[in-house]
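**Q** Sequence and predicted model, in that order:
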Amino acid sequence: MWPRIGDLRALDLGTPGELRATLNTLVLAGVKTATAGRLAEYADEGEELEHVGERLALVDDNDMLVGVVEITGVEVVRFADVPWDFARAEGEGDRSIEEWRAGHATYWARLGTPVDDDTPIVCLRLRLVSGGKGGVASGDLST
C-alpha cells in the first residue's frame, strides 16, 4: 500500500532527489497538471486506481506534505496510445509525443520496469488544491 497522510493517499512523483523536487515545483506552479504511471504498479501495491474528485497528498522525499491535488481525469491507455495533449499537460518540457515516450521509456527502464507499446499506462489529470511556498504545514487536508 502507498503511504497515507490523514485520509489521503500520498502522491510521490518521480524518484527521490532532484527529479521529485522539480516535479513538485511544476505542480505547485500550476505547470504540471498530469502524471503517468504503469498500471502494474497498482496491482503490485494492492491499490485501486484514483477516481475523479479524489484528493491526494503531494509529498516530498521525506513523505512530508507539500500540497494537495485533486484528480480531474483518469484514463488507462496503451503506452503507444498516450495522446500528445496528455503528455504536454505533464509540463516537463517535452517537445513532441516521441520525446515524451522516449523519456518515459528510459525512466521506467532505469527503474527496472521497462515498458513496450502495449504496456497499460494510467494517465491522471490533476489540479492543485492547496500548497505553495513552504508547503502545507497543517489544517484541513480537504481544502
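**A** Thanks, I have it. Numbers count the residues shown, from 1 in each chain.

**Q** Direction included, what does the helix or strand harbouring Arg9 pair against?
**A** Per DSSP states H and E: Arg9 is located in strand 8-11. Taking DSSP bridges as the criterion, strand 8-11 sits next to strand 4-5 (antiparallel), strand 55-59 (parallel) in its sheet.

**Q** after the last one, next one along is what?
**A** If you walk from strand 55-59 toward the C-terminus, the next helix or strand you reach (DSSP H and E) is strand 65-78.

**Q** circling back to that earlier point, make JSON lines out of the strands paired with strand 8-11 and add distance to Gly103, mean pLDDT and mean neighbour count.
**A** (C-beta placed from N, C-alpha, C; glycine too.) Listed next are the strands paired with strand 8-11 as JSON lines, based on distance: least, CB to CB, whole Å; pLDDT from 0 to 100; neighbours: other CB atoms under 10 Å:
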{"stretch": "strand 4-5", "distance to Gly103": "29", "mean pLDDT": "90", "mean neighbour count": "14"}
{"stretch": "strand 55-59", "distance to Gly103": "21", "mean pLDDT": "96", "mean neighbour count": "24"}
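
**Q** Now distance to Leu126 too, for the ones you listed, in TSV please.
**A** Formatted as TSV, the strands paired with strand 8-11 follow (distance: least, CB to CB, whole Å):
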stretch	distance to Leu126
strand 4-5	16
strand 55-59	8
